[in-house]
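Sharing a sequence plus its predicted fold:
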Amino acid sequence: MGLEDFFKKLRIGTSRASKEEAPSHWVKCPSCNAIVYYKEVLAQHNVCPKCSYHFKITAQERIELLCDEFVELDKSLAPTDPLHFVDKKSYKKRIEEGVAKTGRASSVISGEAKIDGEGVQLVVFDFAFMGGSLGSVEGEKILRAIKRAIDQKQALIIASTSGGARMQESTFSLMQMAKTSAALNILADHKLPFISLLTDPTFGGVSASFAFLGDIIMAEPGATIGFAGPRVIKQTIGADLPQGFQTAEFLLEHGLIDMVVERKDLKATLSHLIRILNPNYENQCILNR
């Protein structure tokens, strides 16, 4: 749920609300603790106007932020329960909850988009669906987006936010890491660009595979990125960890990503990179003259 949806929900039926139940139109920034009117935050793409802290946004808000046009494809693909997984709750029940929460059948939205007039294949992860976890359907959607990029000679953009591979699918999920990585190698053979956008948070099998295979790897300011949590890493290596070692800024400083881009500049930066990296762009310009 994005900030706008949150405040819309709060406003429903508040005409007779008690003082305690009345909605607040102010947002407390978790970074600088400033109290900011929510419309100011929304006007800046859910970014704090005081300190530029980037609040989380929904997958749909991400698409609207980046795209002039977007046509979703492969909407009918939905996960099954090949292992009949049952923990505290069955996998089928978790899927049903994800569908009810997001209105979608998986944690990946894929389709054809235009960004400042440039045609691209776009994949956006939805953290609201089972923590943006990577399952067999998500891997298949990414694979199909790669195939379309090759067929149409377009760039591929994947905006990741994920907790990692989906444990309810076990090896089926883990194999998506290899599947998508192999497909991206074919995309590279066709000399077509893949731009990876890392958002908060990006962890686990996603960061350990395609998310770090981009020709350009960019991240939003303050995004937390890694494989495992700091407690697990500390217990494994038996050493203290640097302050903020899993932030986008730390990864940029140590050469693991290429750029940190503020949300307001993402669309322009992506379209500029597409023009630079896509070898077919110059040919298209010549044909259009």
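Received the coordinates, thanks. These figures come from a predicted structure and were not determined experimentally. Numbers count the residues shown, from 1 in each chain.

what does the longest helix that the chain contains rub up against?
Longest helix of the chain, by residue count under DSSP state H: helix 171-189. Contacts of helix 171-189 with the rest of the structure, by C-beta atoms under 8 Å, 6 or more residues apart in numbering, involve 82-83, 133-136, 138-139, 142-143, 146-147, 149-150, 156, 165-167, 194, 205, 208-210, 213, 215. For glycine as for every other residue, the C-beta is placed from the backbone atoms N, C-alpha and C.

buried residues in it?
By 16 or more other C-beta atoms under 10 Å, the buried positions in helix 171-189 come out as 172, 173, 174, 176, 177, 179, 180, 183, 184, 187.

now do stretch 87-101
For stretch 87-101, burial by neighbour count (16+ other C-beta under 10 Å) applies to 91, 94, 95, 98.

Next: stretch 254-274.
257, 258, 260, 261, 263, 266, 267, 269, 270, 271, 273, 274.

Next up, the contacts around the first one.
Taking C-beta under 8 Å, 6+ apart as the criterion, residue 257 is in contact with 198, 217, 218, 219, 225, 248, 251.

Point to the residue nearest the middle of the protein.
Nearest to the mean C-alpha position of the chain, counting by C-alpha atoms, centre = their mean, stands residue 160 at 3.0 Å.

Am I right that that residue is in a helix?
No - using DSSP: H, G, I helix; E, B strand; the rest coil, the assignment for residue 160 is strand, not a helix.

right, and it touches residue 196 too?
Yes - assessed by C-beta atoms under 8 Å, residue 160 is found in contact with residue 196 at 6.8 Å.

Need the overlap of contacts for the two.
residue 211.

Just give the closest residue to residue 108, not the sequence neighbours.
residue 138 (4.2 Å; C-beta to C-beta, 6 or more residues apart in numbering).

got the contact list for that neighbour?
Counting by C-beta under 8 Å, 6+ apart, residue 138 has contacts 106, 107, 108, 125, 166, 176.

Could you rerun that using 7 Å?
Contacts for residue 138 (C-beta atoms under 7 Å, 6 or more residues apart in numbering) come out as 106, 107, 108, 176.
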